[in-house]
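Participant: next one to model:
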Amino acid sequence: MDDVALQKYRNIGIMAHIDAGKTTLTERILFYTGITHKIGEVDQGTATMDWMVQEQERGITITAAATTCFWKDHRINIIDTPGHVDFTIEVERSLRVLDGAIAVFCGVGGVEPQSETVWRQANKYHVPRIAFVNKMDRMGADLFRVREMIHLKLGASPVLMQIPIGTGDKFKGVVDLVKMKAVYWKDDTQGLEYSYDEIPEELKKDAEHWRSALLERLSECDDDICSRFLDGTVVEEKQIWEVLRKLTLSFSVVPVFCGSAFKNKGVQPLLDAVISLLPDPADRGEIVGHDPVKDDKMVSFHPKTDESFSALAFKIANDPYAGQLTYVRIYSGSIEVGSTVYNSVKGKRERVSKILLMHSNKREERKSAHAGEIVGFVGLRLTSTGDTLCSDKKQVLLEKIEVPEPVIFVAIEPKTKTDEEKLNESLSRLMMEDPTFRVAINQETGQQIISGMGELHLEIIVDRLLREFKVSAKVGKPQVAYRETITAVSEATGYFDKELGGKKFFAGVKLEVAPYDGPDIVSVGFALEQENLTQEQKNLIMKSVKDSCTSGHLAGYPVYKLQVKIKKIEFAEAEGLEISLPAAASLAFREAYNSAGPVLLEPIMSVEMVSPEEYVGDIIGDVGTRRGRVLEMGIRSDGLRFVMASVPLAGMFGYSTDLRSLTQGRGTYTMEFSEYQAVPQALSREIIGGINYF
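Facilitator: Take a look at the predicted model:
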């Protein structure tokens, strides 16, 4: 494989709000590229990419599925990501390793809450994208309104590449604004065949207007197009695509396409745009990371096959045939089956026993893999999500994947004593697979606690335990994952002065705690009057303080957004400091924390409810009973009303049933984590008083 072949790779994700049609679009792409010979449907549970039983039953995507297809001599690696906020880590880790993305928007709903979340995630990882406005066959679909929403809500610069020929049940095709031709798809071939025709007379004026808008935007960045546009000279198609590609890769514009994946219209031009506009692995430039030994030293790689090997493990899956499967994005170099890779996070070498090219839950064995590819490795036992794999001759630590904190937890216990060991083993495997899923033991009650991103997330986990791992478990009531923080600055000194085994141990640690608004959950630093500590002793103190923060002293919840400064250290002799220093630091922290006005924090959710107008009053009244507040109200293009609200998670348990009852089954809602806020004092006392898990 040479550099020319690398330029014909596209690693893309399909991302959107729930129910915008991501999986349906992916199914059409697989059909039109010849990977499948029959179109799978989400509603019928036959979608290739939704292979889990839980996905087929619920008609939603839960896990990011990878596949490979070919279009016009280009290889496209696709990851179909979930739209539900409970599975946001699947989007996060996919975007971390992808080069480009298709953002899918519903022609009726437009930019919805989860659309904004995935857009921010793509911004964070600098992923260029094109937009596809889907469901143009639905009543109320409005491409121009969605374009405006992309501009206003996402802060992007959308340029229309197509306009629809009819909308709703009259949607027939699209006008291609580059070719200035109408495109129609043949229904009797399921959209496999399509043809170009003259633009309908009634759309010619609109087509001229939007083509001018496209050329005007391009002329702002290209002098030749500018002069041709002003002179009225014809601008060649090839030139339009070249300039558009530059602007897409520099995040200056977002090209917008439209169609109806379900009605098999608009998919092939979108595939052409993926090849023409989205980056190949080489376009992303040098891969830069930290030296694992010297953190201030940077290490770089070129995305070539003749470079040293570097890759990122972005997903762990339990495959029923292969065992533990590690999804890997290879950034540079090549690897063969049987080779050894170095895990620079764990500091260990691991052997790759198999290399698999994944197509949803099917697999194809490969003898080798190269830069630019997304493959599965079998045989890695120690590697977890976000770990860097590299050559031990040129070691690197690549940027990790950010993992959001869980907001909900339940107690879990095996139904029978014989299930206990099996349950623990199954939970460990699920935790390896999903970094947002956590398992812990409550020290006070001895109960096993599982935590995750929402009710659906934990419901799926428990369902998988029963079906996949054959473990029966009793699950408690959902509980909110509260946090603790402080409201004031406080200082304290802790002394550890004891005789143990005939030997005297003494140390004193003076520290300050303060509220914090930085990137870390807890920040620990040193502001010592005199540097009388080794790095190892500093690490002991930092570990002691961070351990103290895992369970706050107000109600035992983890501490959130707190800064600790170690100001003074006292000790008589260096011997025994590995015991006395951490103990003194822990005592000082407890005293300072308790004097700094600790408060309980609760997760606040951003909720959007959609329903017919006659139920809006009831919805608003109900929001108030849940301690929520309405932020925004409006009307969508399909005539339905939407209500945006900010509501504590504690008030949202079982809301889907309540909303159905309020709206006679006609209302829907979406919810995502927004921020932590202080719990009202009266409620705080009640929570601190104790929790009944079952």
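
Participant: every contact and neighbour count from this point should use C-alpha atoms.
Facilitator: Fine.

Participant: what about Gly665, how many neighbours?
Facilitator: Gly665: 13 surrounding residues under other C-alpha atoms under 10 Å.

Participant: not counting sequence-adjacent ones, nearest residue to it?
Facilitator: Leaving aside its sequence neighbours, Gly665 sits nearest to Leu659 (C-alpha to C-alpha, 6 or more residues apart in numbering; 7.4 Å).

Participant: thought that neighbour was touching Phe653?
Facilitator: No. Here Leu659 does not reach Phe653: they are 11.3 Å apart, not a contact under C-alpha atoms under 8 Å.

Participant: any low-confidence regions in the stretch 251-400 of the chain?
Facilitator: The stretch 251-400 of the chain contains residues with pLDDT under 70 at 360-361.

Participant: could you pull out the strands for it?
Facilitator: When assigned using DSSP state E, counting those that start in this stretch, the strands of the stretch 251-400 of the chain occupy the ranges 254-258, 287-290, 298-301, 310-319, 323-332, 334-336, 340-343, 348-351, 354-359, 362-366, 368-370, 374-378, 388-390.

Participant: what's the second one packed up against?
Facilitator: Other helices and strands packing on strand 287-290, by 3 or more C-alpha pairs under 8 Å, 6 or more residues apart in numbering; DSSP states H and E, are strand 298-301.

Participant: in PDB, please show the C-alpha coordinates belonging to the strand it packs on.
Facilitator: Extracted as PDB, the C-alpha positions of strand 298-301 are listed here (Å, rounded to 0.1, in the frame of the first residue of the first chain):
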ATOM      1  CA  MET A 298       6.700  16.100  21.800                       C
ATOM      2  CA  VAL A 299       6.900  13.200  19.400                       C
ATOM      3  CA  SER A 300       5.500  13.400  15.800                       C
ATOM      4  CA  PHE A 301       4.700  10.900  13.100                       C
END
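
Participant: and it, what other elements does it pack with?
Facilitator: Taking 3+ C-alpha pairs under 8 Å, 6+ apart as the contact definition, the neighbouring helices and strands of strand 298-301 are strand 287-290.

Participant: who touches the strand it packs on?
Facilitator: Judged by C-alpha atoms under 8 Å, 6 or more residues apart in numbering, the contacts made with strand 287-290 from elsewhere in the structure are 296-303, 331, 396-399.

Participant: same check on stretch 119-135?
Facilitator: Under the contact criterion C-alpha under 8 Å, 6+ apart, stretch 119-135 has outside partners 20-21, 91-92, 95-96, 98-108, 110, 141, 143, 146, 154, 248-251, 254-262, 270, 274, 277-279.

Participant: what's the ChimeraX line that selects buried ones from these?
Facilitator: With 16 or more other C-alpha atoms under 10 Å as the burial test, the buried ones among the contacts of stretch 119-135 are selected in ChimeraX as follows:
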select :20,21,91,92,95,96,98,99,100,101,102,103,104,105,106,107,108,110,141,143,146,154,248,249,251,254,255,256,257,258,259,260,261,262,270,274,277,278,279
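
Participant: Ser94: neighbour count?
Facilitator: When neighbours are defined as other C-alpha under 10 Å, Ser94 has 27 of them.

Participant: my guess is it meets Ile79, correct?
Facilitator: Yes. With the criterion set as C-alpha under 8 Å, Ser94 and Ile79 qualify as a contacting pair; they are 7.1 Å apart.

Participant: before we move on, the earlier item: between Leu659 and Phe653, who's got more neighbours?
Facilitator: Neighbours per residue (other C-alpha under 10 Å) separate Leu659 from Phe653, with Leu659 holding more: 22 against 15.

Participant: confidence score at Lys170?
Facilitator: Confidence at Lys170, expressed as pLDDT, is 93.

Participant: please name the residues that touch it.
Facilitator: With contact taken as C-alpha under 8 Å, 6+ apart, Lys170 is in contact with Asp137.

Participant: now it: how far from Pro164?
Facilitator: Taken as C-alpha to C-alpha, to the nearest Å, the spacing of Lys170 relative to Pro164 amounts to 10 Å.

Participant: can you check Asp319 too?
Facilitator: 43 Å.

Participant: among the two, which residue is more densely surrounded?
Facilitator: Pro164 (24 against 13).

Participant: just give the nearest non-adjacent residue to the more buried one, would you?
Facilitator: With sequence-adjacent residues excluded and distances taken as C-alpha to C-alpha, 6+ apart, Pro164 is closest to Val174, at 4.4 Å.

Participant: ramachandran coordinates for the residue nearest to Ile449 when sequence neighbours are not counted?
Facilitator: If you skip the residues right next to it in sequence, Ile449 has Ala411 as its closest partner in space, 4.4 Å away by C-alpha to C-alpha, 6+ apart. According to degrees, to the nearest 10, the main-chain angles of Ala411 amount to phi -80, psi 150.

Participant: how many residues are close by Ala411?
Facilitator: Around Ala411 sit 22 other residues, with neighbours defined as other C-alpha under 10 Å.

Participant: so who does Gly494 touch?
Facilitator: For Gly494, the residues meeting the contact criterion (C-alpha under 8 Å, 6+ apart) are 508-510, 584-589, 591.

Participant: what about those residues, which are in helices?
Facilitator: Using DSSP state H, 584-589, 591 are the members of those that sit in helices.

Participant: ok, so of these, who is nearest Thr233?
Facilitator: Minimum distance to Thr233 across the ones in helices among the contacts of Gly494 is 73.3 Å, recorded for Phe589 (C-alpha to C-alpha).

Participant: of the ones in helices among the contacts of Gly494, closest to Ile225?
Facilitator: The closest of the ones in helices among the contacts of Gly494 to Ile225 turns out to be Phe589 (C-alpha to C-alpha; 64.8 Å).

Participant: what about that closest one, distance to Ala527?
Facilitator: The span separating Phe589 from Ala527 equals 15 Å under the rule C-alpha to C-alpha.

Participant: before we move on, back to that, quick one, which of the strands of the stretch 251-400 of the chain gets closest to Arg626.
Facilitator: With C-alpha to C-alpha as the measure, strand 310-319 is the member of these nearest Arg626 (36.7 Å).

Participant: and that closest one, what does it pack against?
Facilitator: Under the contact definition 3+ C-alpha pairs under 8 Å, 6+ apart, strand 310-319 sits against helix 88-97, strand 323-332, strand 388-390, helix 420-433.

Participant: how does it look with 7 Å?
Facilitator: In terms of contacts (3 or more C-alpha pairs under 7 Å, 6 or more residues apart in numbering; DSSP states H and E), strand 310-319 is packed against strand 323-332, strand 388-390, helix 420-433.

Participant: chain center to the helix or strand hosting Val599, what's the gap?
Facilitator: Following DSSP states H and E, the helix or strand that holds Val599 is strand 598-611. On the basis of C-alpha atoms, centre = their mean, to the nearest Å, the separation between the geometric centre of strand 598-611 and that of its chain is 19 Å.

Participant: list of residues touching it?
Facilitator: Here strand 598-611 makes contact (C-alpha atoms under 7 Å, 6 or more residues apart in numbering) with 407, 482-487, 554, 640-649, 666-679, 684.

Participant: of those residues, buried ones?
Facilitator: In these, the ones that pass as buried (16+ other C-alpha under 10 Å) are 407, 482-487, 554, 640-649, 667, 669-673, 676, 678-679, 684.

Participant: these in helices, which ones?
Facilitator: Ser684.

Participant: ok, now which ones touch Thr178?
Facilitator: I think there's a mix-up here, since residue 178 is Val and not Thr. When the contact criterion is C-alpha under 7 Å, 6+ apart, the partners of Val178 are 161, 237.

Participant: which pLDDT value goes with it?
Facilitator: Val178 carries a pLDDT score of 95 in this model.

Participant: for the helix or strand where Asp463 lies, what is the distance to the chain centroid?
Facilitator: Here Asp463, judged by DSSP H and E, is contained in helix 455-467. Distance of helix 455-467 from the chain centroid (C-alpha atoms, centre = their mean) equals 19 Å.
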